[in-house]
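Novice: No letters, just coordinates:
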């Protein structure tokens with residue numbers, strides 16, 4: 001797996017040509033597929049020139065877009081506090097590895113990356129999905145500084161503070177744009193609307209790593225989308241573990257945004273996003289019946305005519321064993 005900022009295969013399907021140009025402009029790194037140089041573009045500030053004593057962080061983000069959003073959030077906090085983010089292991093005071101543990105190959109890559117960071121830097125903080133298997137990590141890499149699980153933003157930052165003191169506060173230095181640190185090209189961004197999943201499919205490890213569904217307040221989501229629009233984003237990629245379940249955990253609670261009542265529900269969220277003059281692309285959509293209600297929004301141009309829906313098997317017996325609803329016949333009918 002590669003860092004999404006530099007891999008055209010992982011960028012928005014709607015902008016491959018633009019991404020080719022971006023990929024060609026990126027700086028060659030000593031570990032180009034591993035260490036994030038996400039602040040080396042238009043949002044970069046050479047912190048070493050302004051605050052030479054600022055701690056330097058190396059950061060590796062592996063896995064899916066949800067993990068990339070977690071990395072963005074951690075980096076936003078660290079940059080807010082004045083830390084520098086560097087693009088090589090050797091230039092960093094410590095390295096954070098945001099791991100993936102979804103499938104065997106991802107586990108192997110995460111463990112290999114931790115080992116690589118230890119060998120080339122020596123000071124490594126581990127976070128992300130594989131972090132829930134602390135014993136397994138420490139058995140192979142006993143010298144890591146600390147291990148946390150996924151979306152443990154505060155815990156990661158606290159560990160950085162413990163091993164690399166916070167830079168002196170400079171009230172005249174602001175390293176973070178209003179929309180936060182983004183590791184995607186400027187024209188698109190991921191918008192994570194919830195965390196976790198309530199399903200218990202027999203083949204899937206995500207609930208044991210990410211926990212049950214927790215929906216973000218709809219006003220918070222829409223405010224983030226508004227900031228991204230102001231920053232020049234043209235396409236929102238809406239993500240979560242189960243996008244169509246958004247709001248189930250809060251019983252589709254009604255909130256207010258810009259004085260308008262909005263339910264914590266995928267359809268109403270999409271209706272509001274569709275007013276912001278951006279492309280809205282939905283990912284990780286579970287085939288609930290209410291997903292059909294999005295078709296009118298697609299016809300109106302509020303949501304892109306694209307649905308990322310899982311289709312694991314055509315056999316009813318296998319689907320029962322997997323604890324997946326639906327059937328091939330119903331899917332084709334819909």
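Specialist: Great, that's in hand. Note that the coordinates shown come from a computational prediction; the quantities given were computed from them, not determined experimentally. Residues are numbered from 1 along each chain as shown.

Novice: buried sites along the helix or strand harbouring residue 269?
Specialist: Element membership for residue 269 (DSSP states H and E) is helix 266-273. Residues of helix 266-273 classed as buried: 266-273 (neighbour count, 16 or more other C-beta atoms under 10 Å). Just so you know, the C-beta spots here come from the backbone N, C-alpha and C atoms, and that holds for glycine as well.

Novice: Next SSE downstream of it?
Specialist: Where DSSP H and E defines the elements, the next helix or strand beyond helix 266-273 is strand 279-282.

Novice: Residues contacting that following strand, please?
Specialist: For strand 279-282, contacts defined as C-beta atoms under 8 Å, 6 or more residues apart in numbering pick out 12, 14, 234-238, 243, 266, 270, 273-274, 294, 302-304, 306-308.

Novice: quick one: the helices in the stretch 151-300 of the chain?
Specialist: Counting by DSSP state H, counting those that start in this stretch, the stretch 151-300 of the chain has helices at residues 153-163, 206-210, 218-230, 266-273, 294-299.

Novice: What angle do helix 218-230 and the fourth one make with each other?
Specialist: An angle of 40 degrees separates the directions of helix 266-273 and helix 218-230 when computed by axes from the mean of the first three to the mean of the last three C-alpha atoms, to 10 degrees.

Novice: centre of the chain versus helix 266-273, how much separation?
Specialist: A distance of 20 Å separates the centroid of the chain from that of helix 266-273, by C-alpha atoms, centre = their mean, to the nearest Å.

Novice: do the same with the second one
Specialist: Taking the mean of its C-alpha atoms, helix 206-210 sits 15 Å from the chain's own mean (C-alpha atoms, centre = their mean).

Novice: can you give me the strands in the stretch 1-150 of the chain?
Specialist: Using DSSP state E, counting those that start in this stretch, the strands of the stretch 1-150 of the chain run over 56-61, 84-86, 94-99, 124-128, 146-147.

Novice: got these as TSV, with mean pLDDT, mean neighbour count and distance to residue 219 columns?
Specialist: Shown next, in TSV, are those (pLDDT from 0 to 100; neighbours: other C-beta atoms under 10 Å; distance: least, C-beta to C-beta, whole Å):
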stretch	mean pLDDT	mean neighbour count	distance to residue 219
strand 56-61	94	24	28
strand 84-86	90	23	30
strand 94-99	97	28	27
strand 124-128	97	28	28
strand 146-147	97	22	34
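
Novice: Identify whichever of these lies nearest to residue 331.
Specialist: Comparing those against residue 331 with C-beta to C-beta, the closest turns out to be strand 124-128 (32.5 Å).

Novice: Give me the contact list for that closest one.
Specialist: Contacts for strand 124-128 (C-beta under 8 Å, 6+ apart): 62-63, 67, 70, 74, 94-101, 110, 114, 117-118, 137, 141, 143-150, 152, 155-156, 159-160, 163.

Novice: Let's see the ChimeraX selection covering just the buried ones among the residues you listed.
Specialist: Buried subset of the contacts of strand 124-128, written as a ChimeraX selection, criterion 16+ other C-beta under 10 Å:
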select :62,63,67,70,74,94,95,96,97,98,99,100,101,110,114,117,118,137,141,144,145,146,147,148,149,150,152,155,156,159,160
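
Novice: quick revisit: packing partners of the helix holding residue 269?
Specialist: Where contact means 3 or more C-beta pairs under 8 Å, 6 or more residues apart in numbering; DSSP states H and E, helix 266-273 is packed against helix 218-230, strand 235-239, strand 260-263, strand 279-282, helix 294-299.
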